[in-house]
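Peer 1: What follows is a predicted protein model with its sequence.
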Amino acid sequence: MVIKVENLVKRYGDLIAVDHLSLEVQQGEIFGLLGPNGSGKTTLINCILALLKYDKGNISIFGKPMRPDAYDIKRDIGVIMQNVAVFNELTVYENIDYFCGLYVKDKAERKRLVEEAIEFVGLNDFRSFYPKKLSGGLLRRLNIACGIAHKPKLIILDEPTVAVDPQSRNNILEGIVRLNKQGATIVYTSHYMEEVEQICTRIMIIDKGRIIATGTKEELKSMINIGEIVSVGSVELNQTQLETIRRLPNASQVEYENHNLTVTFAKGRSNLLNLMDLLRKENVDYGSVYSQLPTLNDVFLEFTGKQLRD
Amino acid sequence: MFTHVFKYRLKCLLRDKVVLFWTILFPIVLSTLFFTAFSNLNNAVSFTSAKVAVVDNEAYRNNKPFQEALVSVSEKRDEQEPLLSVELVSSDEAETLLEQGKVHGIILLDPDIKLVVKQSGMHQSIIKSFLDQYRQISASYGTVILRNFDIPANGDTLTRFPADDYLTELPLGKNKTDNTVTYYYALLAMASLYGAFWGLRVIGEVQADQSANGARINLAPVHKMKTLLAGILAAWIIQFVELSLLLLYMILVLKVPFGNQAGYILLTCLVGALAGLTLGTLVSGLVKRNLGLKIGVLIGLSMLMSGLAGLYFAPFKYIVIKAVPMLAYINPANLITDALYALYYYDTYHRFALNIALLLAFSAVFLLLTYLTVRRDRYASIPSIQEDN
Ligand SMILES: Nc1ncnc2c1ncn2[C@@H]1O[C@H](COP(=O)(O)OP(=O)(O)O)[C@@H](O)[C@H]1O
Ligand SMILES: [Mg+2]
């Protein structure tokens, strides 16, 4: 067990930011913490890291209680906070060296680690740049390098891809998977479900400081009764035809707007085929057909009644 | 570990152009401004003597008191130019000298004392003021003959000059009480207090609720007080070097008299730097998040303190000390200026030592209070929008 949180409660005045939350992160996981803005992800992370006071609960890391002075635990943790934390007066190299030096005393060892980190995030051409001269994406990469240079066993990333261009985002996501392959346990928070689906081996969805659901993405999707969502574009339908579609087996929701048809099917066999057959029989022309498996957004929607996206 | 953090703290602070500006460049510019302002002021009430031709006649030779008075204002004192530079000549020669502009006026005893001038001006009014003074003392006064018709016959223009003050003040000054020195001392005190801006930065960078970097530092396996001390030490050294540079500039370039006890003056800088720095760490620890408010409080405090120590109006220092004697002892700026005074004016180090001890005591209190405000290791709340990056 890498992280164990039991019954954590954190209040800001009247607001309950983390509400009786428990979780366990296992060795070798990429654990995703997914929730909309303000759902309590950062607060939870800051409590786990013993930065924040909390009202109730127990937190242990590597099997030991986590405290501000638990330096033996801290030595094996790398954190990438949601706010970029680098010194504007230090170059890329100096920033990484400074933070790495808080963990690693040996100079030669540190030099090697810093070089490796620079290589890892692809900032070789920018090593003598000051942060102000870096683009948003490169700055985020520097932020990551500062957090991981000391080769931590547990890496916690809080929304590391906010305001990042797609290229840097891919670079970052691939990097996280590589770190995991090298043996690090990862905790990854985000409000982008695509990212979480892409890299996380296990996902916890939270809202208003409470757990909505936990599991692999397949498990999460199987929790809701949606098999697929079929969209048909540029299609002309009358009321009778719509009624027939509504009576199709497994069809749980049918929407028709601006010549676009969206049918949500519960789990079942040949849902798409049934719809296609019906359209052919009715001699209906259509522009496009697109079938989608349920997303984590659908899971979130089903449990909370609102969209995950902003 | 300590040296690692210390080295990088030095690097960061030395590259912080904004704070460097306020802590070294600004005081140097301000002292230069003071210098130009004072030298203009001094030229205006010039120490170049007023040249006067005294007609060497019978009446003059018989008037011993007047001769003595003349001698007393035409002697050089303490390196300063005498008030009058006197030439004893015949009345014809005197006329020529005045005509050629080689003297500012002619004094003629007839036996009443008469002043002859060609035009009005500061020097002329100095001579007249001298004669006025003499008249008050001797009650034997002559008439002023004005040959220049532009000037009202009653001589109003002449008496309007502020030379009266000058005349009464100068001969009395036995020791060179140089008021301008107060300004420079207060400026050095202000520069010391500006060390507070380093303190502000140093605290912000170890507090997780004040900066993202602070959060990162708090996550590292290093005691927060260790990083804080490394930061304070780096800031202290930088501020001390800056004050020494300012001091050197004032002594070597602006020729401000600081006495010649370099070691003690440097000690004052060292302790002053610490007082300013720790004042900054305290304010930064107390005023948690609002950077603007922090800077405002610090600027306000340092302006108030150095103001009370005579930065804007030198006599204020004495007025304040007379009215509220306590203030002299609880105002760090005043302690700094007073330490410098004590060095300059007193032969014993008693008063100097008292000032330094008080400054050290203040620094210790500030530091202790800072420790109490920043020592807790878990934060109640960490705002997500940070101000530093
Ligand atoms: N320092 C704070 N003071 C008061 N309320 C806060 C503070 N930080 C966060 N909150 C509130 O707590 C809730 C959770 O915030 P946060 O943990 O930042 O969420 P997330 O990281 O998921 O966006 C939000 O409602 C937010 O407004
Ligand atoms: Mg957050």
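Peer 2: Alright, I've got the coordinates. Residues are numbered from 1 along each chain as shown, chains lettered A, B, ... in the order given. Ligands and ions are numbered 1, 2, ... in the order given.
Peer 1: Helix or strand: which one has A:T240?
Peer 2: Here A:T240, judged by DSSP states H and E, is contained in helix A:239-246.
Peer 1: Counting by contacts, list what that helix packs against.
Peer 2: Applying 3 or more C-beta pairs under 8 Å, 6 or more residues apart in numbering or on different chains; DSSP states H and E, we find helix A:239-246 packed against strand A:251-257, helix A:271-281. To be clear about C-beta, it is placed using only N, CA and C from the backbone, and glycine gets the same treatment.
Peer 1: now it, how far from the centre of its chain.
Peer 2: Here the centre of helix A:239-246 is set off from its chain's centre by 39 Å, with C-alpha atoms, centre = their mean, to the nearest Å.
Peer 1: between it and helix A:271-281, how big is the angle?
Peer 2: Using axes from the mean of the first three to the mean of the last three C-alpha atoms, to 10 degrees, the inter-axis angle of helix A:239-246 relative to helix A:271-281 is 160 degrees.
Peer 1: in helix A:239-246, what's buried?
Peer 2: Residues of helix A:239-246 classed as buried under the neighbour-count rule (16 or more other C-beta atoms under 10 Å in any protein chain shown) are A:241, A:245.
Peer 1: looking at the helices and strands packed on helix A:239-246, which is buried most?
Peer 2: Across the helices and strands packed on helix A:239-246, averaging neighbours per residue (mean count of other C-beta atoms under 10 Å in any protein chain shown) puts helix A:271-281 on top, at a mean of 15.
Peer 1: Now do that helix: distance to the chain's middle.
Peer 2: For helix A:271-281, the distance to the chain centre is 36 Å (C-alpha atoms, centre = their mean).
Peer 1: Which one of the helices and strands packed on helix A:239-246 lies nearest to ligand 1?
Peer 2: Nearest to ligand 1 among the helices and strands packed on helix A:239-246 is strand A:251-257; the distance by C-beta to the nearest ligand atom comes to 29.3 Å.
Peer 1: got the CA coordinates for that closest one in PDB?
Peer 2: What follows is strand A:251-257, C-alpha atoms only, in PDB (Å, rounded to 0.1, in the frame of the first residue of the first chain):
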ATOM      1  CA  ALA A 251     -33.200   2.300 -26.600                       C
ATOM      2  CA  SER A 252     -33.300   4.300 -23.400                       C
ATOM      3  CA  GLN A 253     -33.100   7.900 -24.800                       C
ATOM      4  CA  VAL A 254     -33.900   9.400 -28.200                       C
ATOM      5  CA  GLU A 255     -33.100  12.900 -29.100                       C
ATOM      6  CA  TYR A 256     -33.800  14.600 -32.500                       C
ATOM      7  CA  GLU A 257     -32.700  18.100 -33.100                       C
END
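Peer 1: Tell me which helix or strand comes right after it.
Peer 2: Once the chain leaves strand A:251-257, the next helix or strand it forms, by DSSP H and E, is strand A:260-265.
Peer 1: elements contacting that following strand?
Peer 2: The criterion is 3+ C-beta pairs under 8 Å, 6+ apart, and the helices and strands that strand A:260-265 contacts are strand A:228-233, strand A:251-257.
Peer 1: Put together CSV for these, with mean pLDDT and distance to chain B on each row.
Peer 2: Shown next, in CSV, are those (pLDDT from 0 to 100; distance: least, C-beta to the nearest C-beta, whole Å):
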stretch, mean pLDDT, distance to chain B
strand A:228-233, 92, 34
strand A:251-257, 91, 37
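Peer 1: if I look at the closest residue to A:I205 other than its chain neighbours, how far off is A:T304?
Peer 2: Using C-beta to C-beta, 6 or more residues apart in numbering or on different chains and skipping residues adjacent in sequence, the residue nearest A:I205 is A:I212, 4.2 Å away. Per C-beta to C-beta, to the nearest Å, A:I212 is found 6 Å from A:T304.
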